[in-house]
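Novice: coords please:
(chains A, B, C and D)
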There are 4 protein chains.
Amino acid sequence: MHKITLLINCADQPNIIASVTNFMAANDGNIVYIDQHVDREQNIFFMRLECEFSSSSFSLGTFKQVFNSDLAEKFQLKWKIHSAERKPKMALFVSKYDHCLYDILGRYNSGELFLEIPFILSNHLDLKPIADSFNIPFYHVPVTKATKHDAEQEQLKLLEEHSIDFIVLARYMQIVSETLIDKFPNRIINIHHSFLPAFVGAKPYHSAYKRGVKIIGATSHYITEELDAGPIIEQDVAHVTHTFSIKDLIAKGRDLEKIVLSNAIKLHANRKVMVYNNKTIIFS
Amino acid sequence: MHKITLLINCADQPNIIASVTNFMAANDGNIVYIDQHVDREQNIFFMRLECEFSSSSFSLGTFKQVFNSDLAEKFQLKWKIHSAERKPKMALFVSKYDHCLYDILGRYNSGELFLEIPFILSNHLDLKPIADSFNIPFYHVPVTKATKHDAEQEQLKLLEEHSIDFIVLARYMQIVSETLIDKFPNRIINIHHSFLPAFVGAKPYHSAYKRGVKIIGATSHYITEELDAGPIIEQDVAHVTHTFSIKDLIAKGRDLEKIVLSNAIKLHANRKVMVYNNKTIIFS
Amino acid sequence: MHKITLLINCADQPNIIASVTNFMAANDGNIVYIDQHVDREQNIFFMRLECEFSSSSFSLGTFKQVFNSDLAEKFQLKWKIHSAERKPKMALFVSKYDHCLYDILGRYNSGELFLEIPFILSNHLDLKPIADSFNIPFYHVPVTKATKHDAEQEQLKLLEEHSIDFIVLARYMQIVSETLIDKFPNRIINIHHSFLPAFVGAKPYHSAYKRGVKIIGATSHYITEELDAGPIIEQDVAHVTHTFSIKDLIAKGRDLEKIVLSNAIKLHANRKVMVYNNKTIIFS
Amino acid sequence: MHKITLLINCADQPNIIASVTNFMAANDGNIVYIDQHVDREQNIFFMRLECEFSSSSFSLGTFKQVFNSDLAEKFQLKWKIHSAERKPKMALFVSKYDHCLYDILGRYNSGELFLEIPFILSNHLDLKPIADSFNIPFYHVPVTKATKHDAEQEQLKLLEEHSIDFIVLARYMQIVSETLIDKFPNRIINIHHSFLPAFVGAKPYHSAYKRGVKIIGATSHYITEELDAGPIIEQDVAHVTHTFSIKDLIAKGRDLEKIVLSNAIKLHANRKVMVYNNKTIIFS
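Specialist: Now for the predicted structure:
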């Protein structure tokens, strides 16, 4: 039994759903999940579909070829087909804060996450003991103005060697280079400690304190070249009061950050996110 | 252009999605929305689908017949097909509390609700002025032990005369009769002022106060013969503290009740709810 | 029995709490509520206190004088003393949206709000029927570029004639004049349809749609001269998904707006809000 | 400089606040925090107060004696005075689930918790490696029908040897003995994986699934002899849909459990909780 996950987007047009489902049936596939969305403003169609093939002669490579020639060209589809069994490989970038790291590794350990973590990378050594205690390789790649280029090269080498599918910045306190962003478009997940677009940039809890907001938030998003402006995957908030000091806001915020980031990781790893027009479709 | 909404459930089985989408294409329909759910415990398949037919010769009656003979029998489908243009007719039952009534009529007035309200019925006269100010017919049907049977007959008569599709109990403080429940299975929506299954029955805010809970809630559900045990459509909660008196809980709860009930009404009126096994599927 | 509510702020200093409670005891008052807050960054002390005086010879005027000479001068207090029985007078400014108006008047009618509404003012006639149905005087004061000054004069005259304590802009779609803001500092409550400081200005739901946020919000705040930048009283948010059109966001947002605004009104009317440094203290 | 935290409850009566604040002033104390609550149904007064004493001759023992003779007897106060500098000692009881343990130890490590953890105790060995990696002594005390009494004795011995102030059951899958409850009244904190009083007892996520609820929750409460019926400290909930399998509910619930339990620990450790009448007062 093979199972695939198909993600599609294209200009909205008649018969697209029936054509795709038909194609699956004609190839002896049984659709077990289908969800779709139409952006009525932009007239774009999106679909996520899971399909099972019980034939022992099923070949993913051949299937992709046929799908492309029979269907994708006709409807001008942009598409991705994932083997549902293959776990994506995630690189974890951290600096000094440990709350997101603990949260992710705790879930990883208990089998909650459908992914592999080939390595953890940090510009500092502080969190190495945590990586060690979870038996995950830890690479120390310091970044200074002088070493910036070399550090980037080392990062790229590690990412390639380990066939990394996506990167998670778990409170990684460095700007990621354009080269990296270009190599991993919509595949670098960041956690920002505010409800974006409020409080872009550094020290959002200090800004929240100063503005006197009654809710604080956290936002996970894909990194793009513009700071904190990439497609939002998940957000959550918590109520606060005038009694919260900046330190209290930071402590409360940590709880949001770790839950929001872990949720975003799950959505991405389960191929439930599509990106277009700097926004995300999150399938059920 | 005709548009229909199709709701299906049946035993889960191969090719069901492709067969239905195929059928629509073969009948010159263009599917514009599809969502599905499989209950893996019970092995039941559910689908909601919206389809447009541009042919001027399209007949809903004929389509239903063909659907039934070609598809429904083969897959042993339970199905409903609604003309998407037809607004369902909703009867509003109230007693003395006005917050849900105001909320519903405010939305009704502003065009937010896809439905018609042929009449409001109450066992008291208190809310008649509100019905009057919104120009909706108001029927006063008092219920006492002695008049119970007559009252029920009068209710049934009104419901039939106005071709009512579903009933909303907007804090209607009477037990609805079994006859009514049998005539409107999963079509009588109640609002209960607790997060069910906590605090079933009368005076839930008093019970919440006594138990010292830190959250209160409201639940909208379909009425079944067992008290407060019907399929849940929507729930929401609010945080409370030890400073809340019973009166404060009631005031805070009113805000939950009106929002939760209005949301449930919208979901039902838009045919987004399916019921099975005393639970609901809420389509997107 | 007289009951007062006292609000104080001053530089933080030793013995301030004991001195105030002592003063109340020395004047035969029984403190039934006390809450305090210290801003550790700015070193400012805030207190809210409720005190009962059972003596038949108690005079509020005399008490204020004594309080001022004995205590306020010594500690350089800024203070307000309200007779707890006196309902504040609130003017309601509206334009064309009715959801906040219905929500406020529904609560007002049911006795939930501790205040009086001497009149409703609008730059349009659309909502007059609602004011009429609740038997509240309605003044139509159109605002155009040409009539702006006259309109302001008429507003000021009405506010004075009715001894208005504070103004609520229930989706009033006009910029309030500086003169008005100066006359009612921290006494004009607005509802903004976003979680500020995100989406300042016009059409926040359109901006939220464009940015692809996963939560929307509403914020009630006091009007200051800088647009949407005044002290925040209350905020709330709701989760949304990619399936929400702008129209859906607006509908969902209405529910937030009305609850958040009504909560802010209650806090203000119950004298639970203190403002300093463009932020609010919200007492329990 | 000495700082104390005072917790009081007594029958509500005139002058109680002024008398206590007066007493502090008379003893050269400077009150830096005060909050109070009156249960109007039961007529009980509660207060929490923080007071600083700068005199080098201040003695906590003497102060307690004077407080008791001068004030406590007169007003029939029940009271506790804590030295604000002294960290309470918390014993952690666990079984096999690690999510709450990781969450607590992560916060402990980062200095977020004002407490000491002298040891972790478990009836299983599974989580020993986690205790080891955080360098906290781990005691394995298996519990079987036959060893129940001995296990209890061993627990009591450990608790006494380490001068434990309160116990946290971080998903400890054993019923705690009456002897333990009697020795630690309102000092054993449990996390129950439902929004109590819904779904008391075993397998609440299974019950939630069966009932088809749209929200799930978690509740931290003090253990009393009646199962899941003790005073509630903190609750939180999350929205779920029909698409959630039992496994999904459990995963989502873990996030609630860990945050809710950690919050309850913080409130208790900071002496912000008072218990009466099987309910809690949570001071700000």
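
Novice: Show me which residues of chain A sit near chain D.
Specialist: Residues of chain A found near chain D (C-beta under 8 Å from any C-beta of the partner chain) are A:98-99, A:102-103, A:106, A:109-110, A:112, A:129, A:133, A:241, A:243, A:251, A:254-255, A:259, A:262, A:284. Glycine gets a C-beta too; all of them are placed from N, C-alpha and C.

Novice: Go again with 6 Å.
Specialist: A:102, A:106, A:112, A:133, A:243, A:251, A:255, A:259, A:284 (C-beta under 6 Å from any C-beta of the partner chain).

Novice: And the furthest pair within those?
Specialist: Pairwise distances across these (C-beta to C-beta) peak at 38.5 Å, for the pair A:243 and A:284.

Novice: out of the two, which sits in the busier spot?
Specialist: Set residue A:243 next to residue A:284 and count neighbours by other C-beta atoms under 10 Å in any protein chain shown: residue A:284 wins out with 16 against 13.

Novice: residue ranges with poor pLDDT in chain A?
Specialist: Within chain A, no range satisfies pLDDT under 70.

Novice: Name whatever forms a beta bridge with the residue in the stretch 101-250 of chain A that chain B sits nearest to.
Specialist: Nearest residue of the stretch 101-250 of chain A to chain B, counting by C-beta to the nearest C-beta: residue A:239, 7.6 Å away. Under DSSP bridges, the beta-bridge partners of residue A:239 are residue A:215.

Novice: ok, back up a step: quick one: buried ones out of the residues of chain A next to chain D?
Specialist: A:102, A:106, A:112, A:251, A:255, A:259, A:284 (16 or more other C-beta atoms under 10 Å in any protein chain shown).

Novice: how about the third one, secondary structure?
Specialist: When classified by DSSP: H, G, I helix; E, B strand; the rest coil, residue A:112 comes out as coil.

Novice: Not counting its neighbours along the chain, what's nearest it?
Specialist: residue D:251 (5.7 Å; C-beta to C-beta, 6 or more residues apart in numbering or on different chains).

Novice: Tell me what angle the helix or strand harbouring that neighbour forms with helix A:246-269.
Specialist: Following DSSP states H and E, one finds residue D:251 within helix D:246-269. On the basis of axes from the mean of the first three to the mean of the last three C-alpha atoms, to 10 degrees, helix D:246-269 is oriented at 170 degrees to helix A:246-269.

Novice: roughly how far is helix D:246-269 from the heart of the chain?
Specialist: 14 Å (C-alpha atoms, centre = their mean, to the nearest Å).

Novice: which secondary structure elements does that helix contact?
Specialist: Secondary-structure packing of helix D:246-269 (3 or more C-beta pairs under 6 Å, 6 or more residues apart in numbering or on different chains; DSSP states H and E): helix D:99-109, strand D:188-192, helix D:204-211, strand D:215-222, strand D:232-239.

Novice: is the following helix or strand past it up against chain B anywhere?
Specialist: Counting by DSSP H and E, the next helix or strand C-terminal to helix D:246-269 is strand D:273-276. No - residues of strand D:273-276 contacting chain B under C-beta under 6 Å from any C-beta: none, with a closest distance of 8.9 Å.

Novice: how about the CA coordinates for strand D:273-276, as PDB?
Specialist: C-alpha atoms of strand D:273-276 as PDB (Å, rounded to 0.1, in the frame of the first residue of the first chain):
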ATOM      1  CA  VAL D 273      -3.800  31.000  46.900                       C
ATOM      2  CA  MET D 274      -6.200  30.800  49.800                       C
ATOM      3  CA  VAL D 275      -8.700  27.900  50.200                       C
ATOM      4  CA  TYR D 276     -12.000  27.900  51.900                       C
END
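
Novice: Neighbouring strands - and their directions - for that strand?
Specialist: Paired neighbours of strand D:273-276 in the sheet (DSSP bridges): strand D:279-282 (antiparallel).

Novice: The closest residue in space to residue A:142 that isn't next to it in sequence and residue A:153: what is the separation?
Specialist: Distances taken as C-beta to C-beta, 6+ apart put residue A:123 closest to residue A:142, at 5.3 Å, once the chain neighbours are dropped. In this view, residue A:123 and residue A:153 are 15 Å apart by C-beta to C-beta, to the nearest Å.

Novice: again, but for residue A:108
Specialist: For residue A:108, the distance to residue A:153 - C-beta to C-beta - is 28 Å.

Novice: The two: which is more packed in?
Specialist: residue A:108 (19 against 13).

Novice: Can you get me a residue count around the nearest residue to the more buried one once chain neighbours are set aside?
Specialist: With C-beta to C-beta, 6+ apart as the criterion, residue A:108 has its nearest non-adjacent residue at 6.1 Å, and that residue is residue A:117. If you count neighbours by other C-beta under 10 Å, residue A:117 ends up with 20.

Novice: same deal with residue A:260?
Specialist: Using other C-beta under 10 Å, residue A:260 has 25 other residues around it.

Novice: what sits against it?
Specialist: By C-beta atoms under 6 Å, 6 or more residues apart in numbering or on different chains, the contact set of residue A:260 is A:218, A:220, A:234, A:236.

Novice: which other residues reach stretch A:55-69?
Specialist: Stretch A:55-69 is contacted by residues A:2, A:28, A:81, A:83 when judged by C-beta under 6 Å, 6+ apart.

Novice: I'd assumed residue A:167 was in contact with residue A:91.
Specialist: Yes - in this structure residue A:91 lies within contact range of residue A:167 using C-beta atoms under 6 Å: 4.9 Å.

Novice: And the helices in the stretch 1-150 of chain A, which stretches?
Specialist: A:16-26, A:60-67, A:73-75, A:99-109, A:128-133, A:148-161 (DSSP state H, counting those that start in this stretch).

Novice: any idea how far the second one is from the chain center?
Specialist: When you say that, I think you mean helix A:60-67. 26 Å.

Novice: quick check: angle from that helix to helix A:16-26?
Specialist: 140 degrees.

Novice: what residues does chain A put near chain C?
Specialist: A:197-198, A:211-215, A:232, A:235, A:237, A:242, A:279, A:281.

Novice: If we use 8 Å, what do you get?
Specialist: Checking chain A against chain C by C-beta under 8 Å from any C-beta, the hits are A:37, A:40-41, A:195-199, A:211-215, A:217, A:231-237, A:241-243, A:245, A:277-282.

Novice: Many thanks, have a good one.
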